[in-house]
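Undergrad: sequence and predicted structure below; questions after.
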Amino acid sequence: MPRHVAVIMDGNRRWAKRAGLLTSQGHEAGAKRLIEFSEFCFKLGIHTVSAFAFSTENWGRHKIEVKCLMSLIQHYLKSKIQYFQREETRVSVIGNLTKIPESLLRTVQEIEEATRSYKKKHLILAIDYSGRLDILRACKSIVKKSEKGLIREEDVDEALIERELLTNCTEFPSPDLLIRTSGEQRISNFFLWQLAYTELFFSPVLWPDFDKDKLLEALVSYQRRERRFGCRV
Ligand SMILES: CC(C)=CCC/C(C)=C/CC/C(C)=C/COP(=O)(O)OP(=O)(O)O
């Protein structure tokens, strides 16, 4: 079983369009699916689930859609605090959170605080996240520390970079499996460093329809693969 499963939840708008619904209803269905998805992953013993909920590039979407997504994420998190406490699931939100609404930022702080002590299940939501910016931030932080004389060139290694990335909140920063739904086969600036040896699974199913059977299909595919990490024979 993978320890960390990452997911790019793609296809909400197409799902809504096909069903004759509003875009916002597609995202609502997507949010509901994420709860079922993470619950099932945790039941199967997967430790970390990370979901790409809003990319830095998504700020470029129509103002109304952005507002709707921010408000959906805020309500979702606010209404699920007790649920995550009951389930003993830690929730972390990673990304450049400087542009998100104040109310969402407060809710993020609240849910992180309320669930920080849980160790066995970890849900990571990437909001206003960009893989390139994550690496850039890490580089800047290392340069600053070096200028202050806190680190030397020989200290800079993969482990140090990993500690500077936003995924430093989990003990399993590199996903074992990445699932992307809706038929698109790209990474779209999600985790870049972290995906170096991740197994990729692309499903044609739109995210709101990605049910337990589809998840099992992805996990079976993962289990059939031989992970060599570039060296094992
Ligand atoms: C944590 C939480 C409550 C999440 C909110 C819901 C959610 C699943 C958000 C993902 C948003 C998003 C940009 C999806 C991609 O589908 P798309 O909109 O690009 O659809 P398309 O590919 O059909 O255009």
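TA: Happy to help now that I have it.
Undergrad: isn't M9 up against E36?
TA: No - using Cβ atoms under 8 Å, M9 is not in contact with E36, being 11.9 Å away. In this view, the C-beta of every residue, glycine as well, is placed from N, C-alpha and C.
Undergrad: neighbour count for these two, which is higher?
TA: With neighbours defined as other Cβ atoms under 10 Å, M9 and E36 compare such that M9 has more, 22 against 13.
Undergrad: show me what contacts the residue nearest to the more buried one when sequence neighbours are not counted?
TA: What sits nearest to M9 in space, not counting adjacent residues and going by Cβ to Cβ, 6 or more residues apart in numbering, is W207, at 4.3 Å. Neighbour list for W207: 9-12, 15, 30, 33, 181-182 [criterion: Cβ atoms under 8 Å, 6 or more residues apart in numbering].
Undergrad: can you narrow the residues you listed to ones near the ligand?
TA: 9-12, 30, 182 (Cβ under 6 Å from any ligand atom).
Undergrad: strands along this protein, start to end?
TA: 4-8, 48-55, 89-94, 121-129, 177-180, 199-202 (DSSP state E).
Undergrad: run through who's touching the first one.
TA: Spelled out, it's strand 4-8. 34, 37, 41, 46-52, 170, 172-181, 187-188, 190-191, 194-195, 198.
Undergrad: rewinding a little: between the contacts of W207, which is nearest the ligand?
TA: Minimum distance to the ligand across those is 2.9 Å, recorded for G30 (Cβ to the nearest ligand atom).
Undergrad: so how many other residues sit close to the closest one?
TA: Applying other Cβ under 10 Å, I find that G30 has 26 neighbouring residues.
Undergrad: grab the nearest non-local neighbour of it.
TA: N12 (4.2 Å).
Undergrad: contact partners of stretch 76-86?
TA: Residues from elsewhere that reach stretch 76-86 (Cβ under 8 Å, 6+ apart): 31, 35, 90-91, 93, 104, 107-108, 110-111, 114-115, 123, 125.
Undergrad: give me the buried entries from those residues.
TA: Neighbour-count burial (16 or more other Cβ atoms under 10 Å) is assigned, among the contacts of stretch 76-86, to 31, 90-91, 93, 104, 107-108, 111, 115, 123, 125.
Undergrad: tell me the one of those nearest L21?
TA: L21 lies nearest to A31 out of those, by Cβ to Cβ, at 14.0 Å.
Undergrad: ok, that closest one to the ligand distance?
TA: Distance, A31 to the ligand, using Cβ to the nearest ligand atom, to the nearest Å: 4 Å.
Undergrad: show me what contacts that residue?
TA: 72-73, 76.
Undergrad: picking up where we left off before, can you put the strands of the chain in CSV and add distance to the ligand and mean pLDDT?
TA: Formatted as CSV, the strands of the chain follow (distance: least, Cβ to the nearest ligand atom, whole Å; pLDDT from 0 to 100):
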stretch, distance to the ligand, mean pLDDT
strand 4-8, 8, 98
strand 48-55, 4, 98
strand 89-94, 9, 98
strand 121-129, 5, 98
strand 177-180, 10, 98
strand 199-202, 13, 98
